[in-house]
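Chemist: Curious how this folds, go ahead:
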Amino acid sequence: MNFAVYSQVATRVEICLFDSNNPSKEIARFDLPEVTEFVWHGYVHGLEPGTLYGLRVHGPYDPARGQRCNPHKLLVDPYAKALFGEVDWKQPVFGYTLGNKDQDLARDEQDSAAGIPKGVVVSDFFDWGNDRRPDVPWRKTVIYEAHVRGLTKLHPAVPEHQRGTYAGLAHPAVIEHMQKLGITAVELLPVHEAADDSFLNEKGLSNYWGYSTLNYFAPDQYFASRRTPGSQVAEFKSMVKALHAAGIEVILDVVYNHTCEGNHLGPSISLKGIDNAAYYWLMPDPRYYLDFTGCGNSLNASLPQAARLIADSLRYWVTEMHVDGFRFDLATTLGRAGKGEFSPNAPLFQIINQDPVLSKVKLIAEPWDVGMGGYQVGHFPAPWREWNGKYRDAVRRYWKGDENLAGEVGYRLAGSSDMFQEARRRPQATINFVTAHDGFTLHDLVTYSHKHNEANGEHNRDGADDNQAWNCGVEGETDNPDVVALRERQKRNLLASLFLSQGVPMLVAGDEMGRTQGGNNNAYCQDNELSWVDWNLDARRKALLEFTSRIIQFRHRQPVLQRRRFFQGEHIWDSHFKDLSWYRPDGTEMGAADWEKPFVRSLAFLLGGDAIPTPDERGQRIIGSGLLVLLNAHHEPVRFTVPQSPEGKRWVLEFYTGDDSVSTEPVKPGPFELTGRSLAVFREAPRDDKA
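Modeler: Sure, this is the predicted structure:
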């Protein structure tokens, strides 16, 4: 094996080997003999897969100058392909002497090896067979945000030893569930090797979500069904292979914005002790860290070696692990350059954009962080797509019944052209979502108006206070039939809005089955039934699952919901209807004044099925069904006017969230009453169409 470690400040780098039967026992140590352009390297014969190792970096320990080398602290190789063991906070894993009056200025000389995970020598061989990327176009993509452990831990069809693991996610029953839903891509919460936080360990909790990365190459051993050194690599690859065979892409939620090493008082586990200033944003006083993430430190992707580490990691996951894309947590941090300002031309964005491998995979930004100017929705460069927080807020507020939202909702349902069209981006630039892992579940969004995070041990102070949630009149669970019926209707309204919108929809695993977290909107530390998906469904939850599957499959069949260009509000070709028309309930088209009225909670839009400007893959004109969607967020019934259908066509009711009914009987032009807070979808169909 060839070892290579980058450090501009090191004076000596050692490789330490450890007993695989007793990982705290060091059995050999040797220096890396060569240094080439700050890369310390050396080749070692006879190391078999499963060999455990760590680094010791000699060099200056001078926090006042941003230097924190300490050879007494074993370090994790940033390029290790697998790790074994966990951080033990009871061991001396801090580079400085705890309790010293000067805090981090005094170097600690206790050996930390017993408390540090070890790198694992792994074999790159894996039989991929005829594995091929599904390569699903963005316009056909439906994303399913899931946690490896949470999705499968309670699944009754998954063998117990595989529940909560990569193997469990690859189980035929889990894959079948996603296929029946119509999922095309599963977006996994972080699977990079992470470290639990010491303050959570003290409470008997853990960093369940995994947003505390320790290594950017190693798949987390916690999700492996076998706990032998390196076995997680092959198991992850097998999972990807199985999902690809089912036509499902794999997208990883990645956390390149910070690491688990925290601020100047955090532990010395990897990058901090190798070359602190080459990886992290530092203050003008380099003893301290610039923190754009709220997690103590921020990786400085404008520095050459930090950018290289990120790019090398991304390429590894694409080329060796066969993943199909990435969702970048707090991606604004990665776009900060110069003095820390965000720029769409930041170095890392340019590296990715010109890379022949990375520029071809799915790239999704969470376009914000907690630093100055951190909210950058709509400002990322092509080919990036963005989580659209404005979509989430507008749709939640609309169905809650808020005022002054007509224009905002119109833009969001139509693909957010106000945010993306000026930069010549397409409707698929927006990743639409109503819920995400961070916040209320769909069920809790309509069941609680306030967060209930007491289980997190922070006296309900953690988590967002503003959730745009409404409990439908009663806080928490209730047997009141009217409240229950309204909540189920609101869930259907929110789901239908999501899958009838232009852009790329994202569904959170379990929302299709009414999963609850008991009002906890920040369950990052709850590795238990509070976070795990419950597969034991009653009649109400089965009905919601069936509705969700039907609306997603409906989306897949309708070309007007997969547009590649923004609407013009005009007739296209010889179309009967405009590509997009907005109507008042009385059937007249909305004018400019209508959008400004504060109490517009009831409106309709019509998508022309023969007004699609872009051709199909063979250059042929696309002609689909026209769709008429009626929206009533008012609490009282509203009578709408259904327009005349084209000659030889009829309107067929596909969805009505008021009672979730479906009818193949034609709907006559004229009045159609929607109950309070409901939605109806009509499909334009030939008169002899029985579908």
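
Chemist: Helices of the stretch 1-150 of the chain, start to end?
Modeler: 148-152 (DSSP state H, counting those that start in this stretch).

Chemist: Can you give the strand pairings for the lowest-mean-pLDDT helix or strand in the chain, parallel or anti for each?
Modeler: Ranking every helix and strand in the chain by mean pLDDT, DSSP states H and E puts strand 666-667 at the bottom, with a mean of 81. Looking at strand 666-667 with DSSP bridges, its partner strands are strand 649-656 (antiparallel).

Chemist: Are we agreed that Glu176 is in a helix?
Modeler: Yes. The assignment for Glu176 (DSSP: H, G, I helix; E, B strand; the rest coil) places it in a helix.

Chemist: Spatially nearest residue to Gly587 (excluding sequence neighbours)?
Modeler: Thr641 (3.1 Å; CB to CB, 6 or more residues apart in numbering). C-beta coordinates here come from the backbone N, C-alpha and C atoms, glycine included.

Chemist: any idea how far Gly296 is from that neighbour?
Modeler: Computed as CB to CB, to the nearest Å, the Thr641 to Gly296 distance reads 58 Å.

Chemist: related to what we said a few turns ago, what distance separates the least confident helix or strand of the chain from the centre of its chain?
Modeler: Using CA atoms, centre = their mean, to the nearest Å, the distance from the centre of strand 666-667 to the centre of the chain it belongs to is 41 Å.

Chemist: what do you get for stretch 51-60?
Modeler: Per CA atoms, centre = their mean, the displacement of stretch 51-60 from the mean C-alpha position of its chain is 34 Å.

Chemist: residues of it that come out buried?
Modeler: By 16 or more other CB atoms under 10 Å, the buried positions in stretch 51-60 come out as Thr51, Leu52, Tyr53, Gly54, Leu55, Arg56, Val57, His58, Gly59.

Chemist: could you dump that stretch to PDB, C-alpha only?
Modeler: Coordinates of each C-alpha in stretch 51-60 appear next as PDB, following Å, rounded to 0.1, in the frame of the first residue of the first chain:
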ATOM      1  CA  THR A  51      -4.900  -3.900   8.300                       C
ATOM      2  CA  LEU A  52      -5.500  -1.000  10.800                       C
ATOM      3  CA  TYR A  53      -3.500   2.200  10.800                       C
ATOM      4  CA  GLY A  54      -3.300   5.800  11.800                       C
ATOM      5  CA  LEU A  55      -1.100   8.900  11.400                       C
ATOM      6  CA  ARG A  56       1.200  10.900  13.700                       C
ATOM      7  CA  VAL A  57       2.300  14.300  12.400                       C
ATOM      8  CA  HIS A  58       5.200  16.100  13.900                       C
ATOM      9  CA  GLY A  59       5.400  19.800  13.500                       C
ATOM     10  CA  PRO A  60       4.700  23.100  15.200                       C
END
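
Chemist: what's stretch 161-175 in contact with?
Modeler: With contact meaning CB atoms under 8 Å, 6 or more residues apart in numbering, stretch 161-175 is reached by 146, 148-155, 157-159, 186, 188, 219, 223-225, 232, 235-236, 238-239, 241-243, 246, 248.

Chemist: Please read the previous query as pertaining to stretch 532-548.
Modeler: The contact list for stretch 532-548, computed with CB under 8 Å, 6+ apart, reads 149-156, 181, 484, 488, 491-492, 495, 507, 509-515, 660.

Chemist: Out of the contacts of stretch 161-175, which sit inside helices?
Modeler: 148-152, 232, 235-236, 238-239, 241-243 (DSSP state H).

Chemist: and Leu303, how many residues sit next to it?
Modeler: For Leu303, the neighbour count with other CB atoms under 10 Å is 18.

Chemist: how near is it to Lys542?
Modeler: Counting by CB to CB, the separation of Leu303 from Lys542 is 52 Å.

Chemist: and what of Leu265?
Modeler: For Leu265 relative to Lys542 (CB to CB), the value is 51 Å.

Chemist: still on that earlier bit, show me which positions of the one helix or strand the residue nearest to Gly587 maps to end up buried.
Modeler: Using DSSP states H and E, Thr641 falls within strand 638-642. The neighbour-count check on strand 638-642 (16+ other CB under 10 Å) flags Val638, Phe640, Thr641, Val642 as buried.

Chemist: Name the residues of stretch 106-117 that come out as buried.
Modeler: Of the residues in stretch 106-117, Ala106, Arg107, Asp108, Asp111, Ser112, Ala113, Ala114, Gly115, Ile116, Pro117 count as buried by neighbour count, 16+ other CB under 10 Å.

Chemist: What is the burial count for Lys180?
Modeler: Neighbours around Lys180, by other CB under 10 Å: 13.

Chemist: List the residues that contact it.
Modeler: For Lys180, the contact set (CB under 8 Å, 6+ apart) comprises Ser549.

Chemist: where does it fall, phi/psi-wise?
Modeler: Phi and psi for Lys180, reported as degrees, to the nearest 10, are phi -60, psi -30.

Chemist: Next, the distance between the ends of stretch 35-42.
Modeler: This stretch, stretch 35-42, spans 9 Å end to end (CA to CA, to the nearest Å).

Chemist: mind checking how far Asp574 is from Pro686?
Modeler: Asp574 sits 18 Å away from Pro686, going by CB to CB.

Chemist: Disregarding residues adjacent in the polypeptide, which is nearest to Arg226?
Modeler: Glu235 (7.1 Å).

Chemist: Check which helix or strand Ala464 maps to.
Modeler: For Ala464, there is no helix or strand it lies in under DSSP H and E.

Chemist: Show the pLDDT at it.
Modeler: Ala464 carries a pLDDT value of 95.
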